[in-house]
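Participant: what shape does this take:
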Amino acid sequence: MILFFGTKSGKKEAKTLHNVACPHCHQTGTLTAVRQANQAHVFWIPVFTINNTSYAECSHCKRVYYKEEFTPEMEQALISSK
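Facilitator: From the prediction side, this is the model:
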């Protein structure tokens with residue numbers, strides 16, 4: 001019997017963080033938060049999530065902030081947008 005097992009990145013969930021300024025360029029409303037799950041699959045069917053990756057990117061200066069670098073303003077905007 002052949003068993004196909006592997007990992008694959010899931011769909012990206014993107015949310016614009018309104019009224020939050022980029023810590024690097026200080027532009028307001030340019031940050032987009034992205035969350036993507038990495039999933040294990042059997043026969044190309046997702047079975048469970050291995051981990052989640054979260055980051056925010058500024059569309060003005062192209063700076064990327066990972067979850068550990070989020071400011072309290074970014075965290076609050078993510079919580080209130082859910």
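
Participant: any weak-confidence spans in this structure?
Facilitator: Applying pLDDT under 70 to the chain flags residues 81-82.

Participant: for F48, what are its contacts?
Facilitator: Residues in contact with F48, defined by C-beta atoms under 8 Å, 6 or more residues apart in numbering, are 39-40. Any C-beta I mention is one placed from the backbone N, CA and C, and that applies to glycine too.

Participant: skipping its backbone neighbours, what lies nearest N52 in space?
Facilitator: Leaving aside its sequence neighbours, N52 sits nearest to A37 (C-beta to C-beta, 6 or more residues apart in numbering; 5.2 Å).

Participant: same question, Y55
Facilitator: With C-beta to C-beta, 6+ apart as the measure, Y66 is the residue that lies nearest to Y55, at 5.1 Å, once sequence neighbours are left out.

Participant: which residues of the chain fall in helices?
Facilitator: Counting by DSSP state H, residue ranges of the helices within the chain are 72-81.
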